[in-house]
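K.L.:
Sequence first, then the predicted structure:
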Amino acid sequence: MVGPSLNRACLVLNQNYEPLSITNIKRAICLIYLGKAEIVESYSYGVHTISSSITAPSILRLLHFIQIRRPNLPLTKRNILKRDNYTCQYCGSKDSQMTTDHVIPRRLGGGDSWDNLVCACAKCNNKKGNRTPEQAEMKLIQPPRHPHFFFIVHNLITIPDERWKQYLFLG
């Protein structure tokens, strides 16, 4: 099987098994041939040349550690809603009209940050008002947190091979 199968996605891991990027099988085979990477997981087919054959890599691990600076995820309403899976962090509903709520209101010194903004339905946001969850006698389902880099990866790609999930901390 040649042709479009060389353009199939291959997950590239750093030497320590941390996800780095996604490349295609053609580039992955070049990295293997040059001695820069090894196959961790393979697809069920191979790539053949005149003189050799190699299984098509699904997951590749670099043999030398690469230092990389991770991009920052911008703090936006859309990213807050995605992080919280469009679920109200007070009642658990998945209402279509979600808003963001300051856990500690601005008037009490709470600012715009990953650790202070949560997804909330309009009903809970109005009920809580300009108070803390304790003052409003409302409990958060889970505390807000700054999302990890893998949140970005998970939201930008479709996963072509289920075996990728364990390396992306999704399975």
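P.N.:
That came in fine, so what should we check first?

K.L.:
mind listing the strands for this structure?
P.N.:
9-13, 19-24, 37-48, 53-62, 98-102, 117-121 (DSSP state E).

K.L.:
Comparing those strands by mean pLDDT, which bottoms out?
P.N.:
Among the strands of the chain, strand 19-24 carries the lowest mean pLDDT, a mean of 89.

K.L.:
Just the buried residues of that one, please?
P.N.:
Within strand 19-24, the residues that count as buried by 16 or more other CB atoms under 10 Å are 19-20, 22-23. Placement of C-beta: from N, CA and C, glycine included.

K.L.:
same question, stretch 29-37
P.N.:
Buried-residue list, stretch 29-37, by 16+ other CB under 10 Å: 29, 31-32, 37.

K.L.:
And stretch 111-131, by the same measure?
P.N.:
Neighbour-count burial for stretch 111-131 flags 116-121, 124-125, 128 (criterion: 16+ other CB under 10 Å).

K.L.:
Can you add distance to Pro160 and give those back as TSV?
P.N.:
Formatted as TSV, those follow (distance: CB to CB, whole Å):
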residue	distance to Pro160
Asn116	37
Leu117	33
Val118	32
Cys119	29
Ala120	35
Cys121	35
Cys124	38
Asn125	38
Lys128	42
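
K.L.:
Would you check how far apart the closest residue to Gly110 other than its chain neighbours and Gln89 are?
P.N.:
Distance criterion CB to CB, 6 or more residues apart in numbering; nearest residue to Gly110, sequence neighbours excluded, is Ile104 at 3.0 Å. Distance from Ile104 to Gln89, counting by CB to CB, to the nearest Å: 14 Å.
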